[in-house]
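*Asks:* Mind looking at a prediction? Sequence and model below.
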Amino acid sequence: MNSSSTSSSNAPLWRRILVATVFVAGLVAIFAYLNKQGGKGRIEGDIWFSLVAGEGLGHTADALFIGSSRVSAAIVADGFDQMMGQVLRRPIQSVNLGMGYSTTAEYVMGLKRLRDLNPEAIRGSVVFIEAPMGLPDYSTWSDTWLVDAAPELMSRYLTSGDLPRLFRSNTPTGGKLLVAANVLFGYDENITRIRRTFQSWLDATTLSVFSGLLPISVEGGTADLSSKGGIRTDKKGVDDAKIIAQRTIAAELADQRPRREWDNTTMFEVVQLLREMGAQPIFYEMPMSPGMSAIYQTPVRIQDRAIFQAVAGRWGVPYLKPTIATTEEDFPDEWHLRKSRAPEFTEALTREFLEKFVAPAMRSAQPAPSVDSTKTGA
């Protein structure tokens, strides 16, 4: 009757509350301390903007490609570098930052942290921003800042000072709390990395081995898709993506509210940040499946596109329209261009950029012929 458990259960309520409070406060303090010790390491150690930050000093990239997983699927950075290098006669370094489950708000925060880490990283660079069928992402700060499947993308780039603005947005409450816990205490960071590492390791070459050991059935097979940027290439992943695409198309066609207030969007802030960092943003058209392109071919979206063309001109952001002939089969999961077609699209984009911007700039930079050489030629 005098056991420790009995004594504990008979302790006054206030004492039990005090012990629990001290215990929780201790854990919070430990997590906060460890998270603070990590500091910029949380940002520098990720797999996204750290590719551009470099060592924190000087120019690191001549070109960036930013946007959704469609960018990671359709752009081959090495191909761009090779074509540009041949014309400019110097090495070119571009980075494909296309990321699945990303939002434009996350690109804003990522660029801000990049500016903090290395303010000269992209000075003088060109930044290509996807604009499917002539319309880039249309989101405002009152919309959700993140995708439920990948809250860690936002968590890595926020500071505690950004949290009040996050909580004023329409981001789901669960997402707000999870991001706040990640920012303040580093919650879920290591778990997320372990999960992502395991997913990337469990690729098509190991699925057949583990399928007999795992308690769930695993379907092998790899589609003609890039696995970068969070794109799934297994059969189940492709089938799931098609289902989500059908739902997305139906929802977008059912909700055709005009997109006109571009100066209030997160995309406008992306453009402003790039300008401040000394980079030149350029919008470009992205290959789309017939189903996805239908979203942008309604009367409302056609008018939106015309209005945005004027807005982009006012912002001083050029627009490129590279095209390659595609069919429905070129989009195995409805969302992404086939991996085997990506070099062709990259070449088309690079060629148009060279013709419209690089070649004219090189011609204007050539010195005018001297008077003597003109007379000699005559």
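*Replies:* Here it is on my side, so go on.
*Asks:* Can you name the residues that contact the spatially most central residue of the chain?
*Replies:* Within the chain, one residue has its C-alpha closest to the average C-alpha position: by CA atoms, centre = their mean, that is Met99, at 3.8 Å. Met99 is in contact with 48, 68-69, 72, 153, 229-230, counting by CB atoms under 8 Å, 6 or more residues apart in numbering. No exception for glycine: its C-beta is placed from N, CA and C like everyone else's.
*Asks:* swap in Gly174?
*Replies:* Contact partners of Gly174, counting by CB under 8 Å, 6+ apart, are Asp148.
*Asks:* at 7 Å instead, please
*Replies:* Under the criterion of CB atoms under 7 Å, 6 or more residues apart in numbering, the contact list for Gly174 is empty.
*Asks:* And for Ser226?
*Replies:* With contacts taken as CB under 7 Å, 6+ apart, Ser226 has the following neighbours: 72-73, 339, 342.
*Asks:* Most widely separated two among those residues?
*Replies:* Ser72 and Lys339 (10.6 Å; CB to CB).
*Asks:* So which of these two has more stuff around it?
*Replies:* In this view Ser72 and Lys339 are compared by other CB atoms under 10 Å, and Ser72 has more residues nearby, 24 against 20.
*Asks:* Check which helix or strand the more buried one maps to.
*Replies:* helix 69-74 (DSSP states H and E).
*Asks:* Show me what that helix packs onto, helices and strands only.
*Replies:* Here helix 69-74 touches helix 342-353, going by 3 or more CB pairs under 7 Å, 6 or more residues apart in numbering; DSSP states H and E.
*Asks:* Which parts of the helix it packs on count as buried, going by neighbours?
*Replies:* Using 16 or more other CB atoms under 10 Å as the test for burial, helix 342-353 gives 342, 344-350, 352-353.
*Asks:* Pipe the residues you listed into TSV and attach distance to Met83 per row.
*Replies:* Converted to TSV, those look like this (distance: CB to CB, whole Å):
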residue	distance to Met83
Ala342	14
Glu344	12
Phe345	13
Thr346	8
Glu347	7
Ala348	11
Leu349	10
Thr350	5
Glu352	11
Phe353	9
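*Asks:* next one: phi and psi at Trp262?
*Replies:* Comment: the main-chain dihedrals of Trp262 come out as phi -70, psi -30, following degrees, to the nearest 10.
*Asks:* Tell me if I'm right that it and Phe268 touch.
*Replies:* Yes: the pair formed by Trp262 and Phe268 meets the contact definition of CB atoms under 7 Å, at 6.1 Å.
*Asks:* Those two: which is more packed in?
*Replies:* Comparing Trp262 with Phe268 by other CB under 10 Å, the one with more neighbours is Trp262, at 20 against 17.
*Asks:* Give me the distance between the more buried one and Arg305.
*Replies:* Distance, Trp262 to Arg305, by CB to CB, to the nearest Å: 12 Å.
*Asks:* Report the backbone C-alpha coordinates of stretch 229-244 in PDB.
*Replies:* What follows is the C-alpha trace of stretch 229-244 in PDB, where atoms were taken according to Å, rounded to 0.1, in the frame of the first residue of the first chain:
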ATOM      1  CA  GLY A 229      11.300  16.800 -57.700                       C
ATOM      2  CA  GLY A 230       9.200  14.100 -56.000                       C
ATOM      3  CA  ILE A 231       7.800  12.500 -59.100                       C
ATOM      4  CA  ARG A 232       6.700   8.900 -58.700                       C
ATOM      5  CA  THR A 233       7.500   6.600 -61.600                       C
ATOM      6  CA  ASP A 234       6.100   3.300 -60.300                       C
ATOM      7  CA  LYS A 235       2.700   2.000 -61.600                       C
ATOM      8  CA  LYS A 236       0.700   2.800 -58.500                       C
ATOM      9  CA  GLY A 237       2.200   6.300 -58.300                       C
ATOM     10  CA  VAL A 238       1.300   7.000 -61.900                       C
ATOM     11  CA  ASP A 239      -2.200   5.600 -61.400                       C
ATOM     12  CA  ASP A 240      -2.700   7.800 -58.300                       C
ATOM     13  CA  ALA A 241      -1.400  10.800 -60.100                       C
ATOM     14  CA  LYS A 242      -3.900  10.300 -62.900                       C
ATOM     15  CA  ILE A 243      -6.800  10.100 -60.400                       C
ATOM     16  CA  ILE A 244      -5.600  13.300 -58.800                       C
END
